[in-house]
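1. For reference, the sequence and a predicted model appear below.
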Amino acid sequence: QVHLVESGGGLVQAGGSLRLSCVASGRTFSAYSVGWFRQAPGKEREFVSTISREGENTFYAYFAEGRFTVSRDNAKNTVYLQMNALKPEDTAVYYCAARIGPSGTRNYDYWGQGTQVTVTS
């Protein structure tokens, strides 16, 4: 089992950047693939990005490609989401999630509490 805590959200102007962090408890963090998701008010939660257990594979939703970068440091039990060129439509609560085995866009077992990202125009 793994416990996840996100941080790094905040208020930023359009065009700005934020780096989200997801810190995991547990001694086998490298066994988990990690995904980032987001949920805007009144909308369903959507996939943002995922990274494989050792960080060798990443995948992005179309809206994140070229602007967001996911990375991880297993020695620190942390996954990052660097978000650049932010747009007002990126406003949402961002969640990290983990699952045993290969990365993917769904079927995650463990979720953090989320961190709010607000982008003003």
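-> Thanks, I have it.
2. What's the local residue count around A40?
-> A40 has 14 neighbours, counted by other Cβ atoms under 10 Å. Yep, even glycine has a C-beta here, placed from its N, CA and C like the rest.
3. Nearest spatial neighbour of the residue nearest to the spatial centre of the chain, chain-adjacent residues omitted?
-> Nearest residue to the geometric centre of the chain (Cα atoms, centre = their mean): W36, 2.9 Å. Closest residue to W36 apart from its sequence neighbours, by Cβ to Cβ, 6 or more residues apart in numbering: V48 at 4.2 Å.
4. hey, where'd the strands end up in this protein?
-> 4-7, 10-13, 18-24, 32-39, 46-51, 58-60, 68-73, 78-83, 92-100, 110-111, 115-120 (DSSP state E).
5. what's in contact with the last one?
-> If I follow you right, that is strand 115-120. 6-14, 16, 18, 20, 38, 83, 86-94 (Cβ atoms under 8 Å, 6 or more residues apart in numbering).
6. Now restrict those residues to buried residues only.
-> Neighbour counting over the contacts of strand 115-120 (16 or more other Cβ atoms under 10 Å) leaves 6, 8-9, 12, 18, 20, 38, 83, 86, 90-94 as the buried ones.
7. Same list (those residues) but as CSV, adding pLDDT and distance to R27.
-> Formatted as CSV, the buried ones among the contacts of strand 115-120 follow (pLDDT from 0 to 100; distance: Cβ to Cβ, whole Å):
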residue, pLDDT, distance to R27
E6, 98, 20
G8, 98, 24
G9, 98, 27
V12, 98, 34
L18, 98, 29
L20, 98, 23
R38, 98, 29
M83, 98, 29
L86, 98, 34
D90, 98, 34
T91, 98, 36
A92, 98, 31
V93, 98, 28
Y94, 98, 26
